[in-house]
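Asks: coords please:
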Amino acid sequence: MKIKTAAIFTFLLVTTLVTSCAPKEIPKAENFSFVFEESSCGYLPWLNVLDTSTGILIYTPLDEIQSVEIPFVLSESEMKMIYQEIISKNFFDYPSEVRVIGETPPSTFRLKVINGDVVHQVKWTSDLENSKPNYPETNRLFDLYIFIQQIIHSHPEYPEENSGCL
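Replies: Down below sits the predicted model:
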């Protein structure tokens with residue numbers, strides 16, 4: 001009897017461990033979209049705001065006050081790649097705000113993802129002088145932000161002027 005109980009317990013334990021370690025399967029919903037906001041060089045409000053549900057990029061050149069609205073639509077393959085990155089980086093598991101010790105001037109990103117009934121937003125702030133880290137797993141999140149930023153910046157619609165800090 002003890003052997004049978006031990007075998008059942010072992011089976012249940014192994015099954016639980018295997019299923020809890022498996023990657024999450026979150027299907028891409030029809031309404032999948034995101035809002036990506038970036039600010040670098042210590043500039044706020046946001047320098048770039050891309051809303052994929054409206055297909056508009058609000059672009060503010062460095063040292064400018066006036067923003068420009070640019071029609072900006074990502075391809076289905078780009079949206080699929082970004083969605084896969086969001087899932088692989090476990091974006092939905094991050095808290096709403098992540099602070100890291102980073103560079104000066106500071107960089108700030110915010111990503112709001114809509115997928116089905118799920119809406120999740122994470123703001124990343126990097127500042128050498130004013131940040132106290134509040135979350136240990138930040139590299140994956142930063143990689144996600146850079147991945148999205150590179151796709152946006154590679155589009156022909158994206159203005160090339162003032163691409164770095166002044």
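Asks: quick one: the strands in the protein, in order.
Replies: In the chain, the strands defined using DSSP state E lie at 33-39, 48-51, 56-59, 68-71, 97-100, 107-115, 118-126.
Asks: what residues sit buried inside the third one?
Replies: If I follow you right, that is strand 56-59. Going by neighbour count (16 or more other C-beta atoms under 10 Å), the buried part of strand 56-59 is 57-59. For glycine as for every other residue, the C-beta is placed from the backbone atoms N, C-alpha and C.
Asks: hang on, the earlier thing: now distance to residue 139 and mean pLDDT too, for the strands of the chain, in JSON lines please.
Replies: Shown next, in JSON lines, are these (distance: least, C-beta to C-beta, whole Å; pLDDT from 0 to 100):
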{"stretch": "strand 33-39", "distance to residue 139": "18", "mean pLDDT": "93"}
{"stretch": "strand 48-51", "distance to residue 139": "22", "mean pLDDT": "93"}
{"stretch": "strand 56-59", "distance to residue 139": "27", "mean pLDDT": "94"}
{"stretch": "strand 68-71", "distance to residue 139": "31", "mean pLDDT": "94"}
{"stretch": "strand 97-100", "distance to residue 139": "9", "mean pLDDT": "82"}
{"stretch": "strand 107-115", "distance to residue 139": "14", "mean pLDDT": "92"}
{"stretch": "strand 118-126", "distance to residue 139": "11", "mean pLDDT": "91"}
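Asks: can I get those in a markdown table with distance to residue 157?
Replies: Shown next, in a markdown table, are the strands of the chain (distance: least, C-beta to C-beta, whole Å):
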| stretch | distance to residue 157 |
| --- | --- |
| strand 33-39 | 15 |
| strand 48-51 | 10 |
| strand 56-59 | 7 |
| strand 68-71 | 6 |
| strand 97-100 | 29 |
| strand 107-115 | 20 |
| strand 118-126 | 25 |
